[in-house]
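S.K.: Test case, fold it:
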Amino acid sequence: MPASQARRKKGPGRPLTPLITREAAIRASIDLLDREGLEALTVQAVARALNVQAPSLYYHFKNRDELLHMVSKTLLIEVGQAAKPGSSWEERVIDLAVATRRVILQHAHAGPLMLRFFPRALMLGAYERGLSDCPYAPPHRLAILDALEKLTYGTSLFDAAAKAHDHAAMPAFDPDRYPLLAEAIARSPVADEALFVETLQILLDGFRFRYGKKDGNR
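M.R.: Predicted coordinates for the structure are as follows:
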C-alpha cells in the first residue's frame, strides 16, 4: 500500500496533520453561532464554512461537545481584563461585569451554551485576583463572589435570550391593569446597560451595609 494511502487510513477518520488550526475552527464556530444560532452549530456546518471535510475537525476536537466547550471558553476569554489601572475593587467589579454582559449580548445565541459549558475552571484565576484586595473579611467572600456572579450572568443571559429570539425584555402590557409597573418603567432614569450598572451598585451598597468594610487580611 502506498505511504500516502496508509497515512490517510491511519486512525479513526483523523488526519495525521491538521488542515486547519484549532483557533480557525473555533472562530468559524462562533461566526456560525452568531449568524444562525446554536442548533445550526454542527461539526459538519463548521467544516463547510472552512471548506474542509468534517474529519479534519476531529484532529482538534473529539466531538461536538468538545467543540462547544471550547467555544464557550473562548467567549469567556473575550471578556479580557476590563479593569483600568489603579481602579478600586468596586470599580473593577463593575468593569468586569459590564464587559461580561457586552460579550454575552454580542453573542446572544450562545446563552444556552454558556450555561451548559460554563468554564468554571477558567474562572479560578479571576476569583483569586478578585479576592486579592477584597475589602471584606474572608467569611463573607464566597457569598459576595456568588452574588456578583449570579447577578452578572443571570441578568446578561436573560437579556441575551430575549435578544436571540427577538423578544422584548419586558412585554407590552396594559398600563391601566398594571399601573405601578407602568409608572416604574416610565420614571426610570436609566435603561439597558446603565440599569445593569445601577443594580450592581445597589448590590455593592448592600455588601457595605451588611458586612462593613473590613481589613482584607482579617
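S.K.: Report all helices and strands that the helix ranked longest in the chain contacts.
M.R.: Ordering each helix of the chain by length in residues (DSSP state H) puts helix 138-164 first. Helices and strands touching helix 138-164, by 3 or more CB pairs under 8 Å, 6 or more residues apart in numbering; DSSP states H and E, are helix 89-106, helix 111-116, helix 120-132, helix 193-211. (Each C-beta comes from the backbone N, C-alpha and C, glycine too.)
S.K.: from the middle of its chain, how far away would it be?
M.R.: Relative to its parent chain, helix 138-164 has a centroid offset of 11 Å by CA atoms, centre = their mean, to the nearest Å.
S.K.: got a list of contacts for whichever helix or strand comes after it?
M.R.: Moving toward the C-terminus from helix 138-164, the next helix or strand (DSSP states H and E) is helix 179-187. The contact list for helix 179-187 (CB atoms under 8 Å, 6 or more residues apart in numbering) reads Met170, Phe173, Pro175.
S.K.: can we see that at 10 Å?
M.R.: Met170, Phe173, Asp174, Pro175, Asp176, Tyr178, Ala191 (CB atoms under 10 Å, 6 or more residues apart in numbering).
S.K.: Show the pLDDT at the nearest residue to the fourth one once chain neighbours are set aside.
M.R.: Right, the one you point to is Pro175. Nearest residue to Pro175, sequence neighbours excluded (CB to CB, 6 or more residues apart in numbering): Ala182, at 3.5 Å. Model confidence at Ala182, expressed as pLDDT, equals 94.
S.K.: so which of the helices and strands packed on helix 138-164 gets nearest Ile26?
M.R.: For those, the distance to Ile26 is smallest for helix 111-116, at 12.4 Å, taking CB to CB.
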